[in-house]
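Trainee: the following block contains a protein sequence and its predicted model.
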Amino acid sequence: MLMASYVDWFIPLCIGVSFIFAVTVVILTVATLVFRDRVNKKYDRGKFSG
């Protein structure tokens, strides 16, 4: 009985953690791409004006 309730509590926790982890990875990936894009534009502007 205790084992069944433990599994019922554990599976949604795993799904929730996996979902949060996936969302975090996506947000970090997008933020990194945006940041790199801004840095590259900044350096490109410096190159063209120089």
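Mentor: Cool, the structure landed. Residues are numbered from 1 along each chain as shown.
Trainee: so how far is the helix or strand containing residue 34 off the chain centroid?
Mentor: Secondary structure from DSSP states H and E places residue 34 in helix 2-49. Helix 2-49 has its C-alpha centroid displaced from the chain centroid by 0 Å (Cα atoms, centre = their mean, to the nearest Å).
Trainee: what's the average pLDDT for it?
Mentor: Averaged over helix 2-49, pLDDT sits at 86.
Trainee: from the centroid of this protein, which residue is nearest?
Mentor: residue 25 (1.9 Å; Cα atoms, centre = their mean).
Trainee: could you check how far it is from residue 10?
Mentor: The spacing between residue 25 and residue 10, counted by Cβ to Cβ, to the nearest Å, is 22 Å. Every residue, glycine included, has its C-beta placed from N, CA and C.
Trainee: mind checking how far residue 17 is from residue 6?
Mentor: Taking Cβ to Cβ, one finds residue 17 at 16 Å from residue 6.
Trainee: nope, residue 15 is what I was after
Mentor: 15 Å.
Trainee: also residue 44?
Mentor: Distance from residue 44 to residue 6, by Cβ to Cβ: 56 Å.
Trainee: ok, residue 38 next?
Mentor: 47 Å.
Trainee: ok, residue 36 next?
Mentor: From residue 36 to residue 6 the distance is 44 Å (Cβ to Cβ).
Trainee: try residue 25
Mentor: For residue 25, the distance to residue 6 - Cβ to Cβ - is 28 Å.
Trainee: next: residue 16.
Mentor: For residue 16, the distance to residue 6 - Cβ to Cβ - is 16 Å.
Trainee: over to residue 24?
Mentor: 26 Å.
Trainee: go on, residue 14?
Mentor: For residue 14, the distance to residue 6 - Cβ to Cβ - is 12 Å.
Trainee: please name the residues that touch residue 42.
Mentor: By Cβ atoms under 8 Å, 6 or more residues apart in numbering, the contact set of residue 42 is empty.
Trainee: roughly how far does it sit from residue 35?
Mentor: 11 Å.
Trainee: now residue 3: how far from residue 24?
Mentor: Counting by Cβ to Cβ, the gap from residue 3 to residue 24 is 31 Å.
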